[in-house]
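Participant: Here is a sequence together with a model predicted from it:
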Amino acid sequence: MFVERQLIPSGLAETVPGPESAAVLHGLDLGRLSGYDAVLVLQAYAQLESYVQARKAEVMAEVGLYQPSPGDMEKMATPDKYSADEVRAALTLTRRAAEYEYWFSYFLATRFRPVRDALSSGRIDKARARVFCDWLEDAPDQVADAVVAALLPKAGGWTTSQLKDKIKRLLLAADPEWARRRYERAVQRRRVEGTRHDDGTVTITGQQLPVDQAAAAICRVNAIAQKAKRAGLGSPIDHIRADVFLGLLDGELSGLDDDEIIAALLHAAKEAAQGDEDDYDDQLSAGTSAHAHADAESADADVDPSPDPSSDGDVDPDTDGDPDTDGDPDTDGDSGPVGDAPGPDGGGPCDGAGVTSLVGTSRVGAVGEVRVRVSTLFHLDDFPGELAGWGPIPAHLARRLVKRQICGEWRFAVCDDDGGLLYAGITRRRPAGWPRPPGRPGEPGRSGSGGGPSSRNGIVELQIPLAQLREWQADLPGLEGWAAVVTDVVRQLDAARVPVVEAPGSAGADVGRDADVGGGAEARRRFATAGLRRWVQIRDRVCTAPGCRAPASRSELDHIDQYSHGGLTTARNLEAACSHDHDLRDHGWRVVQPEPGQVIWVSRTGHRYPARTPPIIEPFPPQVSTWQDTSNVQTGIDDFTVTDEIALDASVYLLSRWEGSPIWLEPAYVERAAEGPIDSAAGPGRRPHEPPGRPPPDPTADDPPF
């Protein structure tokens, strides 16, 4: 098809980026450009983007300096710890991302003005400007100025990696003693971080570690993995390294010498090959055992016998709430046994060799707070659970983690039809037949007072719609091993001090034993009881500040109407706030509550950022089963069944996922599937639905670095 060419203005490549160049570029018909001109337009847009980034950085640096004042024009001389929080709320960023962006902008505006000018003129882009700021942030001024003067004129012609290398060389040559001090200061900021990927996996990184210790640690992990490989472990070497690394960190392999670690890996591989822990029969089939009957008969004896939570211990008096750390034993309710005899073994902890870690989970510590629907634990659906602070997890993993934390604190949340919280509590009942992990002699914190469950062993949140709970109540024999758990939840619900409204649409704002409905001595206390604290944590889910994802179970409790000003300690007047955001209240920020379930954070500049309490049970679209028997895959499209409720473009979306897109589906692997089944000789782990891309690495190859 012939299209008449549109000529670009002469001198476009030399035009200074700004409003004029934006108007010129906006008037171009991109489909009528020649290939040569299209490249020039691309470069012009890149320069314009750099100009916009520079202007954005200038205003961002200004935003962090404002402080409350009558005319809204008063500024601080220098930023403080909370300067980035207005940026976080205004741009909906995480706290860490906002801090990084703000300080980058501030340094451009104050210390690295030549870099800012180069960015504004389009001679470098934001990525190269970041390199200058990151690497020269703590360099002496005279050294930083010399490096910028030497490298900035040529920086636009280098990749970021080349630019980093040149900066490092100049820094080491300019001031070796400063380089040594810089290294020592960096080690003082050493830390471990975890990053969640869109495929559900996690990367653990040790940041700013001493190079000698880090090198020794890697050498040891590699040596153990190589020795295990020679001992007959068939997994790829990268998998073995990962299993050793995790096993040493999570405690599974602690206290073992290298030979014992290898023996444990071989044993775990043998168990993993025998079956999956997440077995349906193990979930529900133990109801006829003596353990189930004993569990149900003893339900009256040791579960939250008092409707009055005032006997619970106060939280730390040095804070306005309790972050409920793992070290704080739970005092809500009497102590008692976690469950009865172990019952039948539920199988190994792994899906199978090569799918999950070979390291077992019988001695692994708690993973935090796991949230899951009881119907998912019953295998009535496969809705995703949640690992608080990490995000959604697939159903099979949620079931496995609930089993792992059988000795933890089990909370339950009874919800209305819209997923709103009606009643919350804890249960000491456990499904009959579930295996109990063996104790570790001499290890503290394996149970609460009296040997009962403890939040230091993790938290499990059982989510139950009220209507579904009533259905299960009418058919307890059909629940088999879960009958005692459901019976206990029903007992506590029916014995609630304030009757739970079972009509559709009830807000559940101040109902249930754990919610203070106003009045009484409890509302006059400064510190919330354990029951009230738990209620707020379950209700709020996360810190209520804009963009913050800190789990409420690790946050503090903040009085919306401050206690020192007469505010009451009630569910309606409490919100979860992490320690950083709690401190915002003392640095110019305010919180107001126009209605129950909604708070508004008011910043230093007067902007209002609303935050509504999320539902306990999130609504999901109908589940789409897309995984097929790969032996008959032909086209990758025709073999998939799509429901009428969700219209899918099969050429774009096929495989279900649990986050990252509106209907939690990810791009189809059509090209790979269209080629038909992939022969196993093509490489281990290759499936017809594997996305096209570079081939998987040879598991026998061991090219450094690993």
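Facilitator: Received, thanks. Residues are numbered from 1 along each chain as shown.
Participant: Give me the distance between residue 537 and residue 159.
Facilitator: Per CB to CB, to the nearest Å, residue 537 is found 47 Å from residue 159. C-beta: built from backbone N, CA, C; applies to glycine.
Participant: neighbour count winner among the two?
Facilitator: residue 537 (28 against 11; other CB atoms under 10 Å).
Participant: how close does the closest residue to residue 232 other than its chain neighbours get to residue 234?
Facilitator: Spatial nearest neighbour of residue 232, excluding adjacent residues (CB to CB, 6 or more residues apart in numbering): residue 266 at 6.8 Å. The gap separating residue 266 from residue 234 is 10 Å, by CB to CB.
Participant: between those two, which one's more packed in?
Facilitator: Using other CB under 10 Å as the criterion, residue 266 and residue 234 rank with residue 266 on top: 16 against 13.
Participant: what about the more buried one, which helix or strand?
Facilitator: In this structure, residue 266 sits in helix 258-272 according to DSSP states H and E.
Participant: What residues sit buried inside that helix?
Facilitator: Across helix 258-272, burial judged by 16 or more other CB atoms under 10 Å covers 261, 262, 264, 265, 266, 268, 269, 271, 272.
Participant: before we move on, what about stretch 136-145?
Facilitator: Under the neighbour-count criterion of 16+ other CB under 10 Å, stretch 136-145 has 136, 139, 143, 144 buried.
Participant: biggest separation within these, which pair?
Facilitator: 136 and 143 (7.9 Å; CB to CB).
Participant: list residues touching both of these two?
Facilitator: residue 171 (CB atoms under 8 Å, 6 or more residues apart in numbering).
Participant: helix/strand/coil for residue 372?
Facilitator: strand (DSSP: H, G, I helix; E, B strand; the rest coil).
Participant: is it true that it touches residue 461?
Facilitator: Yes. The pair residue 372 / residue 461 is scored as a contact, 7.3 Å apart, by CB atoms under 8 Å.
Participant: Residue 22: what's its closest spatial neighbour, skipping adjacent residues?
Facilitator: residue 48 (5.8 Å).
Participant: In this structure that neighbour contacts residue 19, no?
Facilitator: No. Using CB under 8 Å, residue 48 is not in contact with residue 19; the gap is 9.6 Å.
Participant: Those two: which is more packed in?
Facilitator: residue 48 (19 against 9).
Participant: backbone phi and psi for that one, please?
Facilitator: When read as degrees, to the nearest 10, the backbone of residue 48 gives phi -60, psi -40.
Participant: Over to the one 4 residues further on?
Facilitator: Residue 52 adopts backbone torsions of phi -60, psi -40, taken as degrees, to the nearest 10.
Participant: measure it to residue 17 for me?
Facilitator: To residue 17, residue 52 is 8 Å away according to CB to CB.
Participant: Have a look at the two and say which one is more surrounded.
Facilitator: Between residue 52 and residue 17, counting by other CB under 10 Å, residue 17 is the more crowded of the two (22 against 16).
Participant: Need the nearest residue in space to the more buried one, chain neighbours excluded.
Facilitator: Leaving out its chain neighbours, the residue that sits closest to residue 17 by CB to CB, 6+ apart is residue 51, at 3.8 Å.
Participant: surely that neighbour meets residue 15?
Facilitator: No. Judged on CB under 8 Å, residue 51 makes no contact with residue 15 at a distance of 10.9 Å.
Participant: what about these two, which has more around it?
Facilitator: Counting neighbours by other CB under 10 Å for residue 51 and for residue 15 shows that residue 51 has the greater number, 20 against 17.
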